[in-house]
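J.: Kindly generate the corresponding structure for this input.
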Amino acid sequence: MNALIIEDEKAALRNLKAAIEEAGFDISIVGETDSIMDTVNWLKTHPMPDLVFMDIHLADGDSFEIFHYIDITSPIIFTTAYDEYALKAFKVNSIDYLLKPITPSDLKGALNKLEGLGNNKLRQPVNYSTLVNELRKSEKYKTHFLIPIKSDKFIPIDAEEILFFYISDGQVKAVDKNRKEFVFPQTLDELAESLNPHQFFRANRQYILSKHAIRDIDLWFNNRLAVNLIVPTERILISKAKVQEFKDWFTSN
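T.: Numbers count the residues shown, from 1 in each chain. Below is the predicted model of the structure:
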């Protein structure tokens, strides 16, 4: 099996090549490129390889730009430092990926999967536009907020420290892990759009919850759930229609 490696970090390249050798598959590395245009030029002047290892972030931009210039028909294993949530897009598009640092066992599992899928499935068209949009969207989620407390003062708040957002007396407020409360200028709808849905869940019209905020959960009337928070507050009711979505969110990695 001939493989092209697209990687701009020397240490990552060495690590990947060592993992390939140790994984025990008959893979011959026929090319190494480190930029978008270098890759495009290589693909235009060489036969299409049997497999491509592609880093997402290259020195001159996202490697997805490559697809604007040339159609890659080879199966692709992406090598990336993106988190698990961002990579859900790959699963939807039947693409495999390896999280850095790559181990031989990780690589072996990915190659076994690719072999098991077979050539026909591996060469199905992939919606790379959807893939790019999902990844870029995940990079735009709010990780920090600046909360105005006076006309000339702001307090920085880490999203990881927030237990929940809620509406009280017409204001949007947040409670952090130290039980401190802050008034937010955004609406709850705006916050729901800007927060990472892997971390936060829109429970109902009044609450957005973090997993860290949940103490326990009661079964409630009409197949609903009642969520009890670690900070004393009213029960947060999850409607029957959202119960499965809530369970999936809470149990996801």
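J.: Now do the helices in the protein.
T.: Using DSSP state H, the helices of the chain run over 10-23, 36-45, 88-92, 104-122, 128-139, 188-194, 243-251.
J.: what's the spacing between the spatially closest residue to Thr187 that is not a sequence neighbour and Thr233?
T.: Spatial nearest neighbour of Thr187, chain neighbours left out: Val172 (6.3 Å); criterion: Cβ to Cβ, 6 or more residues apart in numbering. Every residue, glycine included, has its C-beta placed from N, CA and C. Using Cβ to Cβ, to the nearest Å, Val172 is found at 15 Å from Thr233.
J.: Those two: who's more crowded?
T.: More crowded of Val172 and Thr233, by other Cβ atoms under 10 Å: Val172, with 19 against 16.
J.: dump the residue contacts of that one.
T.: Taking Cβ atoms under 8 Å, 6 or more residues apart in numbering, we find Val172 in contact with 165-166, 183-188, 191.
J.: Of all pairs in these, which one is the farthest apart?
T.: Tyr166 and Pro185 (15.1 Å; Cβ to Cβ).
J.: In terms of pLDDT, where does Leu135 sit?
T.: For Leu135, the pLDDT comes out at 58.
J.: May I ask you to confirm that Asp60 is in contact with Asp34?
T.: No: contact between Asp60 and Asp34 fails when scored by Cβ atoms under 8 Å: they sit 9.1 Å apart.
J.: Compare those two (neighbour count), which wins?
T.: When neighbours are counted by other Cβ under 10 Å, Asp60 and Asp34 differ, and Asp34 comes out ahead with 17 against 13.
J.: Leaving out chain neighbours, which residue sits closest to that one?
T.: Spatial nearest neighbour of Asp34, excluding adjacent residues (Cβ to Cβ, 6+ apart): Asp8 at 4.1 Å.
J.: hmm, back to that, looking at the contacts of Val172, state which has the most neighbours.
T.: For the contacts of Val172, neighbours were counted using other Cβ under 10 Å, and Phe165 has the most, 24 neighbours in all.
J.: is it true that that residue touches Gln171?
T.: No: the pair Phe165 / Gln171 is not scored as a contact, 10.9 Å apart, by Cβ under 8 Å.
J.: residues touching Trp249, list them.
T.: 197-198, 201.
J.: just to revisit the earlier point, tell me, how many neighbours does the residue nearest to Asp34 end up with?
T.: Count around Asp8 with other Cβ under 10 Å applied: 17.
J.: dump the residue contacts of it.
T.: Residues near Asp8 by Cβ under 8 Å, 6+ apart: 34-35, 55, 57-59.
J.: Just the buried ones from these?
T.: Among those, the ones that count as buried by 16 or more other Cβ atoms under 10 Å are 34-35, 55, 58.
J.: what ranges do the strands span in the stretch 151-253 of the chain?
T.: Here the stretch 151-253 of the chain has its strands, by DSSP state E, counting those that start in this stretch, at 153-158, 162-168, 171-176, 181-184, 200-202, 207-210, 214-219, 225-229, 236-238.
J.: Can you tell me the strand partners of the fourth one and which way each runs?
T.: Based on DSSP bridges, the pairing partners of strand 181-184 within the sheet are strand 171-176 (antiparallel).
J.: residues of the strand it pairs with that come out buried?
T.: 172, 174-176.
J.: Just want the angle from it to strand 225-229.
T.: Relative orientation of strand 171-176 versus strand 225-229 (axes from the mean of the first three to the mean of the last three Cα atoms, to 10 degrees): 60 degrees.
J.: so for strand 171-176, what's the average pLDDT?
T.: 94.
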